[in-house]
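>>> let's see this in three dimensions:
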Amino acid sequence: MMRPTRRALLASAILAPSIARAQDGYPTRPIRLVVPWPPGGPIDLAARPIAARMAELLGQPVVIENRGGANGTIGALHVSQAAPDGYTLLVASPGPVSISPLARGQAALEPLRIFAPVCQLVSSPSALVVRKDLPARDLAALIALAKARPGALTYGSAGPASINHLSAATLAARGGAEMLHIPYQGAAPLLTDLIAGRIDMAFLGIGVALPLVTQGNARALAVGNLRRAAAMPDVPTVAETYPGFQADNWYGILAPLGTPRGIIQRLHRDAAAAVRTPAVTRAMVEAGNEPAPSESPETFAAMIAEDLERWRDSVRAAGLRPE
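Residues are numbered from 1 along each chain as shown. Now for the predicted structure:
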């Protein structure tokens with residue numbers, strides 16, 4: 001077995017205090033919080049009040065940097081390749097960090113291989129929304145209608161391998177029904193066609209779905225998380241019909257792999273505290289999100305691992321083949 005040289009031991013002894021001091025004094029300059037989507041989207045809007053409160057707690061500016069493109073993967077890869085020093089972080093969601101690597105067969109880019117989980121921030125429920133004049137009034141009737149007319153009912157998505165694509169494909173598979181996928185280039189044209197009745201249904205983030213439903217432009221048949229959503233308490237979950245079905249979203253902070261544990265713990269503490277701040281909690285709820293700060297970085301990592309396996313099953317249900 002190789003023994004460390006005297007020089008190596010001396011170097012370690014010299015470096016250890018400086019590393020500890022760097023962690024103890026963290027942060028000493030502004031932190032970049034990368035949102036891998038353009039400004040004004042749901043993740044961006046959720047991140048900004050959290051970043052503002054984190055800046056107060058950390059004593060340094062926390063600057064939102066929007067790096068959109070390629071369904072969020074450009075910003076995600078940028079952060080994964082940054083120095084693991086706690087000054088470049090990612091506001092993550094399943095799309096770019098879990099679903100994209102699975103759909104492309106890029107196991108090396110799966111989240112726990114290239115990121116250090118810091119803190120889950122919120123859970124973002126989804127709702128199964130149908131055009132306002134669709135005959136089905138509940139989920140069982142929808143599946144019965146789809147079975148009676150194989151391939152005739154359509155569901156929209158923001159693109160192949162998006163969360164709303166995989167959620168609807170998984171529902172069809174669980175119900176034993178054949179439905180037609182209509183992919184769009186983003187959410188805006190999907191919503192236009194759903195309101196106009198040109199597609200039959202879509203899974204939407206509840207913050208997007210709620211105005212459509214309250215204004216009478218669409219109807220919500222079910223929500224995709226395991227418990228009923230606070231924003232739609234009278235709408236049943238899909239899991240009440242198909243136990244275990246889960247198609248909710250989450251937002252959380254990831255750091256580059258190798259970020260020192262002390263920095264991860266400090267960031268977790270202040271991110272969780274930021275989410276629990278009453279004004280921030282209120283902003284999250286008003287946007288249809290549910291505050292869900294993780295108990296620790298480790299519990300967030302365990303949630304990501306479980307979530308990854310769930311989306312792996314959904315990729316199979318959608319019949320996606322790695323590119």
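
>>> the helices in the stretch 51-200 of the chain, which residues?
73-80, 94, 100-104, 111-114, 139-148, 163-175, 187-196 (DSSP state H, counting those that start in this stretch).

>>> now do the residue lying closest to residue 252 once chain neighbours are set aside, the pLDDT please.
Nearest residue to residue 252 in three dimensions, chain neighbours excluded: residue 120, at 4.1 Å (C-beta to C-beta, 6 or more residues apart in numbering). From N, CA and C alone the C-beta is placed, and that goes for glycine too. Per-residue pLDDT puts residue 120 at 98.

>>> what's near enough to touch the closest residue in space to residue 204 that isn't next to it in sequence?
Leaving aside its chain neighbours, residue 204 sits nearest to residue 129 (5.3 Å; criterion: C-beta to C-beta, 6+ apart). Listed by C-beta atoms under 8 Å, 6 or more residues apart in numbering, the contact set of residue 129 reads 194, 201-204, 209, 212-213, 218-221.

>>> can I see the domain layout of the chain?
What automatic domain parsing lists as the domains of the chain is 30-124+248-317, 126-240.

>>> give the rounded mean pLDDT of the last one.
For domain 126-240, the mean pLDDT works out to 95.

>>> mind checking the end-to-end distance for that domain?
15 Å (C-alpha to C-alpha, to the nearest Å).

>>> coming back round to it: ok, of the contacts of residue 129, which come out buried?
Among the contacts of residue 129, those classed as buried by 16 or more other C-beta atoms under 10 Å are 194, 201-204, 209, 212-213, 218-221.

>>> residues contacting the closest residue to residue 67 other than its chain neighbours?
The spatially closest residue to residue 67, leaving aside those adjacent along the chain, is residue 75, at 3.5 Å (C-beta to C-beta, 6+ apart). When contacts are counted by C-beta under 8 Å, 6+ apart, residue 75 touches 34-37, 66-69, 90, 96.

>>> this structure: strands as residue ranges?
For the chain, the strands defined by DSSP state E occupy 31-35, 62-66, 88-92, 115-124, 126-131, 154-157, 180-183, 201-205, 218-223, 249-256, 290-291.

>>> turn those strands into CSV, columns for distance to residue 172.
Below are the strands of the chain laid out as CSV (distance: least, C-beta to C-beta, whole Å):
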stretch, distance to residue 172
strand 31-35, 32
strand 62-66, 34
strand 88-92, 27
strand 115-124, 22
strand 126-131, 11
strand 154-157, 8
strand 180-183, 9
strand 201-205, 10
strand 218-223, 13
strand 249-256, 19
strand 290-291, 26
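
>>> tell me which of the ones you listed lies nearest to residue 237.
strand 218-223 (5.4 Å; C-beta to C-beta).

>>> quick one: list the elements packing against that closest one.
With contacts taken as 3 or more C-beta pairs under 8 Å, 6 or more residues apart in numbering; DSSP states H and E, strand 218-223 sits against strand 126-131, helix 139-148, helix 206-214.

>>> in the second one, what counts as buried?
Just to be clear, that refers to helix 139-148. Under 16+ other C-beta under 10 Å, the buried positions of helix 139-148 are 139, 142-143, 145-146.

>>> helices and strands around it, which ones?
helix 163-175, strand 218-223.

>>> ok, back up a step: okay, the contacts of residue 129 in a markdown table with distance to residue 277 next?
Formatted as a markdown table, these follow (distance: C-beta to C-beta, whole Å):
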| residue | distance to residue 277 |
| --- | --- |
| 194 | 35 |
| 201 | 37 |
| 202 | 33 |
| 203 | 30 |
| 204 | 28 |
| 209 | 26 |
| 212 | 30 |
| 213 | 29 |
| 218 | 33 |
| 219 | 35 |
| 220 | 30 |
| 221 | 34 |
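
>>> now, which of those residues sits nearest residue 280?
Among these, and counting by C-beta to C-beta, the member closest to residue 280 is residue 209, at 22.5 Å.

>>> got a list of what that closest one touches?
126-127, 129, 218, 220, 232, 288.

>>> where's residue 59 relative to residue 276, distance?
Here residue 59 is placed at a distance of 19 Å from residue 276 (C-beta to C-beta, to the nearest Å).

>>> those two: who's more crowded?
A direct count of neighbours by other C-beta atoms under 10 Å for residue 59 and residue 276 places residue 276 higher, at 12 against 9.

>>> the more buried one touches residue 294, doesn't it?
No - assessed by C-beta atoms under 8 Å, residue 276 is found out of contact with residue 294, at 11.9 Å.

>>> overlap in contacts, these two.
Contact criterion C-beta under 8 Å, 6+ apart; residues shared by residue 276 and residue 294: none found.

>>> stretch 278-293: which residues count as buried?
If you call a residue buried by 16+ other C-beta under 10 Å, then stretch 278-293 has these buried ones: 280-281, 283-284, 287-293.

>>> all set now, cheers.
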